[in-house]
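**Q** Quick one, fold the following:
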Amino acid sequence: MTLSKFGYALVAASLMSLGACAGVVQIDDLETAGFLTDEVYAKLEPTNDSVRAGLGYINKDMDISRHDKILLDPVVSFVGEDSDDAIDAEDAQTLVNNFHALLASELSKDYELVAAPGPNTLRFQVAIVRATKSSVALDTISTIVPVGVVATKLASYVTGKPSFTGQLKIEFEVRDADTRELFGAGIDSRAGGKVLNEDQLNGWADVNKIMKLYAQIMRYQLCLARGDTDCEKPVA
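**A** Alright, predicted model coming up:
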């Protein structure tokens, strides 16, 4: 089953009001949350690169030039049981909806998005982490999101006050959907300008900028790995 690129283009258009990703800062918050396996965590190393995850791994021996499809798993929200940074269920659902839509919109520029594993397919698994050491899965969002609903929520929350500050941390991995060979993985955390100024009024605007930047970075790194010469480097 193939997802609609046109639908994700509508989401991309709705995000133009968010502006560029200026003011997004990579921060040192890279404690593991348990979304990835110990074997994957062992491969992660500091990158010192703003257009890569703070801790990252890329399998340079894996040729992804033949991959022309992406299976984007449901985005997962992880929240620590003893975390004082919990968010309410509605905000958590909006968060994973928005991130899934942004990832799909960006990655569909170069790949066919599919809903099941198959040949020549990269499988993305991504988690938003708002956690301490002990983490549990809180929410997931279906791979197929009503695009109009997501776009409306994005627009309405940009000027609203969410139940969290404009900071985001993610863990992710990318594998061949058939062979399960690991292509890349990482942990990264970023904050927007509003949270750095202790102003939560535009928390959604900040966090959506961060998610948009993450989507652009993932597309850029895939472009480099394919050996393309016209890769669009994000402003990070």
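**Q** Next secondary structure element downstream of the helix or strand of the chain with the lowest mean pLDDT?
**A** One helix or strand of the chain scores below all others by mean pLDDT, DSSP states H and E: helix 147-157, with a mean of 39. Next along the chain after helix 147-157, taking DSSP states H and E as the criterion, comes strand 167-176.
**Q** which stretches of the protein form helices?
**A** For the chain, the helices defined by DSSP state H occupy 5-14, 38-41, 89-107, 147-157, 193-196, 203-226.
**Q** What ranges in the protein fall below the confidence cut-off?
**A** Residues of the chain meeting the criterion pLDDT under 70: 1-23, 79-88, 130-166, 193-203.
**Q** neighbours around Gln216, how many?
**A** Gln216 is flanked by 19 other residues according to other Cβ atoms under 10 Å. For glycine as for every other residue, the C-beta is placed from the backbone atoms N, C-alpha and C.
**Q** distance of it from Asn59?
**A** Using Cβ to Cβ, to the nearest Å, Gln216 is found at 21 Å from Asn59.
**Q** ok, now Glu181?
**A** 7 Å.
**Q** same check, this time on Phe99
**A** Using Cβ to Cβ, Phe99 is found at 24 Å from Asn59.
**Q** the more surrounded of these two?
**A** Applying other Cβ under 10 Å to Phe99 and Asn59 shows that Phe99 carries more neighbours, namely 25 against 17.
**Q** The more buried one against Phe124, yeah?
**A** No: the criterion here is Cβ atoms under 8 Å, and Phe99 misses it with Phe124 at 11.3 Å.
**Q** Quick one: residues contacting Glu171.
**A** Neighbour list for Glu171: 32-33, 35-36, 78, 126-127, 129, 185-187 [criterion: Cβ atoms under 8 Å, 6 or more residues apart in numbering].
**Q** sorry, that was for Arg219
**A** For Arg219, the contacting residues are 106-107, 109-110, 232, by Cβ under 8 Å, 6+ apart.
**Q** what's the most distant pair in these?
**A** For those, the farthest-apart pair by Cβ to Cβ is Leu107 and Glu232; their separation is 13.0 Å.
**Q** Please say which of those two ends up with more neighbours.
**A** Of the pair Leu107 and Glu232, Leu107 is the one with more neighbours under other Cβ under 10 Å, namely 20 against 10.
**Q** what's in contact with stretch 47-54?
**A** Outside stretch 47-54, the residues touching it (Cβ under 8 Å, 6+ apart) are 26, 28, 30, 46, 55-56, 170, 172, 186-189, 217, 220-221, 233-234, 236.
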